[in-house]
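Asks: Would you be able to build a 3D model of this:
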Amino acid sequence: MRSGRTSRWRDDTGSVMLLGLVAIGICLLAVVVAVDASAAFLQRRALVAIADAGALAGAQALDVEAYYREGASAATSLSPSQVEQRVRAFLQRTGAPAVPGLSLDSVTSDGRYVTVSVSAPLHLPFLRAMADEPLRAESRARLAYRPVA
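Replies: Numbering: from 1, shown residues only. Next comes the predicted model:
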């Protein structure tokens, strides 16, 4: 009788080790996914911050000629020729080019609003093959000029 029990237990030897290896593999995969997701989130947040700051810098490009010609009125607008210059100068001055592959895709202005669009390639620590599409961010700012009363 005793020999029947020992042969049954011998058939199950190693199954705990296999289960342990599978569990370790699943944990490692979860860590890889969490690290890459965090890296993608942080890169996206950095791009949004750059686009926001650039749009705010562009929204300060007051059309000085129109301001002096028409006075401080509701007609005060942004200078189309200076908006993109201000955005590029601001990004250069603040070190935004330190973001690898950063591209200023577009700067548009309708005289009241500035829209800045930037992109950069996604750099993932582990799943690099999954990062084919670049990250994109767009931000919009409004000229909020109020004359001093």
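Asks: and the residue nearest the centre of the chain, what does it touch?
Replies: Of all residues in the chain, the one closest to the mean position by Cα atoms, centre = their mean is Arg44, 1.7 Å from it. Contacts for Arg44 (Cβ atoms under 8 Å, 6 or more residues apart in numbering) come out as Leu135, Ala137. Every residue, glycine included, has its C-beta placed from N, CA and C.
Asks: Quick check: what element follows the helix or strand containing it along the chain?
Replies: Take DSSP states H and E as the rule and Arg44 turns out to sit in helix 15-58. As assigned by DSSP H and E, the chain's next helix or strand after helix 15-58 is helix 64-70.
Asks: What average pLDDT does that following helix get?
Replies: Throughout helix 64-70, pLDDT has a mean value of 71.
Asks: And for stretch 110-130?
Replies: pLDDT averaged over stretch 110-130 gives 86.
Asks: in that stretch, what's buried?
Replies: Residues Val114, Thr115, Val116, Ser117, Val118, Ser119, Ala120, Leu122, Leu124 are the ones in stretch 110-130 that count as buried (16 or more other Cβ atoms under 10 Å).
Asks: quick one: the fourth one from Val22, how far?
Replies: What it means is Ser117. Distance check for Ser117 against Val22: by Cβ to Cβ, to the nearest Å, it reads 45 Å.
Asks: The fifth one now?
Replies: Distance check for Val118 against Val22: by Cβ to Cβ, it reads 43 Å.
Asks: Neighbours of the closest residue in space to Val114 that isn't next to it in sequence, how many?
Replies: Excluding its sequence neighbours, the residue lying closest to Val114 (Cβ to Cβ, 6 or more residues apart in numbering) is Gly58, at 3.8 Å. Residues lying near Gly58 (other Cβ atoms under 10 Å) number 29.
Asks: Sweet, I'm off.
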